[in-house]
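Peer 1: 3D model of this:
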Amino acid sequence: MKILIITGPPYSGKGTQCDVLKELLGFVHISTGDRCRQEKLNRTEIGMKMSEYEENGYLVPDSIMKDLFSQILDENKSKVGIILDGYPRTKPQVDDLIELVNSKNMEIEKVMNIDVPKSELLIRAKRRAETSNRIDDKNPEIHLKRIEVFEHLTRPAIQYMKSKINVVTFDGLGTINEITERIKASL
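Peer 2: Below you'll find the model as predicted:
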């Protein structure tokens with residue numbers, strides 16, 4: 001099974017591009033945020049551990065995410081491929097994912113990094129808050145906290161990944177179709 005990783009700051013359009021790529025490649029889209037919300041809603045052991053972190057805009061501890069992603073990889077091992085959206089987010093998670101993938105005889109094909117300036121992210125966050133039913137999208141302070149966490153933890157993790165995995169960075173400004181075409185050109 002092949003693994004494609006889509007990364008970038010919150011509100012950069014990762015989920016939108018994952019939906020397009022899912023159709024194009026026939027891969028399964030695994031949204032970390034959606035899966036975490038599902039685990040919490042179902043009150044699983046992992047979900048209960050995640051609750052306090054995610055609801056306050058913090059990243060779930062790496063050890064919990066490693067357990068979740070081991071489970072996700074096992075659930076999807078018979079698929080052609082998966083698109084990971086929102087993982088890994090820290091340097092230790094990069095190492096954890098590489099270790100998990102190698103131990104399961106899988107392959108990380110590429111990391112697609114969508115780059116969007118903070119000013120645009122805040123505009124998109126506000127727009128999403130107006131149309132989404134997600135409680136965590138309604139609070140502008142959480143928007144800023146998510147972006148801050150990305151800058152302090154995930155951006156360095158993306159840099160770190162570049163020494164281990166093929167990372168391609170794309171300009172995330174423009175229409176959905178323009179961004180999709182940039183991503184498709186690299187596949």
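Peer 1: only C-alpha atoms for contact and neighbour calcs from this point on.
Peer 2: OK.
Peer 1: just the helices in this structure please.
Peer 2: With helices called from DSSP state H, the chain shows them at 14-25, 32-41, 45-54, 62-75, 91-103, 118-131, 140-149, 155-161, 176-186.
Peer 1: Including distance to L4 and mean neighbour count, could those go into JSON lines?
Peer 2: Formatted as JSON lines, these follow (distance: least, CA to CA, whole Å; neighbours: other CA atoms under 10 Å):
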{"stretch": "helix 14-25", "distance to L4": "10", "mean neighbour count": "16"}
{"stretch": "helix 32-41", "distance to L4": "14", "mean neighbour count": "16"}
{"stretch": "helix 45-54", "distance to L4": "24", "mean neighbour count": "16"}
{"stretch": "helix 62-75", "distance to L4": "13", "mean neighbour count": "15"}
{"stretch": "helix 91-103", "distance to L4": "12", "mean neighbour count": "17"}
{"stretch": "helix 118-131", "distance to L4": "23", "mean neighbour count": "15"}
{"stretch": "helix 140-149", "distance to L4": "23", "mean neighbour count": "17"}
{"stretch": "helix 155-161", "distance to L4": "13", "mean neighbour count": "17"}
{"stretch": "helix 176-186", "distance to L4": "12", "mean neighbour count": "13"}
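Peer 1: quick one, which of the ones you listed is nearest to V168?
Peer 2: Set against V168 and scored by CA to CA, the helices of the chain come closest in helix 176-186, at 7.9 Å.
Peer 1: so that closest one versus helix 14-25, what angle?
Peer 2: In terms of direction (axes from the mean of the first three to the mean of the last three CA atoms, to 10 degrees), helix 176-186 departs from helix 14-25 by 50 degrees.
Peer 1: need the helices of the chain in TSV with distance to I3 and mean pLDDT, can you?
Peer 2: Converted to TSV, those look like this (distance: least, CA to CA, whole Å; pLDDT from 0 to 100):
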stretch	distance to I3	mean pLDDT
helix 14-25	11	92
helix 32-41	14	88
helix 45-54	23	85
helix 62-75	10	93
helix 91-103	9	95
helix 118-131	26	88
helix 140-149	25	88
helix 155-161	14	96
helix 176-186	15	91
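Peer 1: Quick one, which of those gets closest to I83.
Peer 2: I83 sits nearest to helix 14-25 of all the helices of the chain, at 6.9 Å, using CA to CA.
Peer 1: What are the contacting residues of that closest one?
Peer 2: If you take CA atoms under 8 Å, 6 or more residues apart in numbering as the criterion, helix 14-25 is touched by I6, T7, G8, F27, V28, H29, S31, I83, D85, I114, I176, T180.
Peer 1: Just want the angle from the longest strand that the chain contains to helix 91-103.
Peer 2: Looking across the chain with DSSP state E, the single longest strand is strand 107-115. Strand 107-115 and helix 91-103 meet at an angle of 150 degrees, taking the same axes, to 10 degrees as the criterion.
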